[in-house]
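1. Coordinates only, no sequence provided:
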């Protein structure tokens, strides 16, 4: 079976899982731990770069990081918090679903196009780095937004 097809199926599965996790998270109060831990856990995937097949050139690193940071803007714009019942909750956003599906489709199209010119291992390394470069700025923005509301909720003065 084709590696690109297998990784595409995996990406669709992960995107669907992310959607359900996000919807479930909106039903419970959030915390710093829930914001910070996903990129920490994801960082273990960087061990893939120990294997030479997954290593990237400096230009591929730059491309993946820039595209990932660009995509993070859409996630940041659709991730807002609100104070409810004396707790902080992630607001549900209808746009989030469309953005998640859109990013997934873009990823699938890019992977299909790039798989003919870039080795599958390097392409996997690029898409991991792209995803990580998308999630870290998104989670940092979420953390900052959460802390601002936390200070407001608990009457801590902002400097």
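-> Here it is on my side, so go on. Here the structure is a predicted model, which means the values were calculated and not measured.
2. By residue count, tell me the biggest helix in the protein.
-> helix 120-153 (DSSP state H).
3. So for that one, mean pLDDT?
-> Per-region confidence: helix 120-153 scores 93 on mean pLDDT.
4. next one: stretch 11-20
-> 77.
5. What of stretch 39-52?
-> 94.
6. Any idea how far apart the tips of it sit?
-> 23 Å (Cα to Cα, to the nearest Å).
7. re the thing from before, who does the longest helix of the chain touch, helix- and strand-wise?
-> Applying 3 or more Cβ pairs under 8 Å, 6 or more residues apart in numbering; DSSP states H and E, one finds that helix 120-153 makes contact with helix 3-25, helix 32-42, helix 58-77, strand 81-84, strand 87-90, helix 94-114. Where you see a C-beta, it was placed from the backbone N, CA and C, and this is true even at glycine.
8. Try it again at 6 Å.
-> For helix 120-153, the packing partners by 3 or more Cβ pairs under 6 Å, 6 or more residues apart in numbering; DSSP states H and E come out as helix 32-42, helix 58-77, strand 81-84.
9. Pick the most deeply packed of those.
-> Burial of the helices and strands packed on helix 120-153 is given as mean neighbour count (mean count of other Cβ atoms under 10 Å); helix 58-77 ranks first at a mean of 16.
10. I'd like the helices and strands packed on helix 120-153 as CSV, with distance to residue 147 appended.
-> Shown next, in CSV, are the helices and strands packed on helix 120-153 (distance: least, Cβ to Cβ, whole Å):
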stretch, distance to residue 147
helix 32-42, 8
helix 58-77, 15
strand 81-84, 10
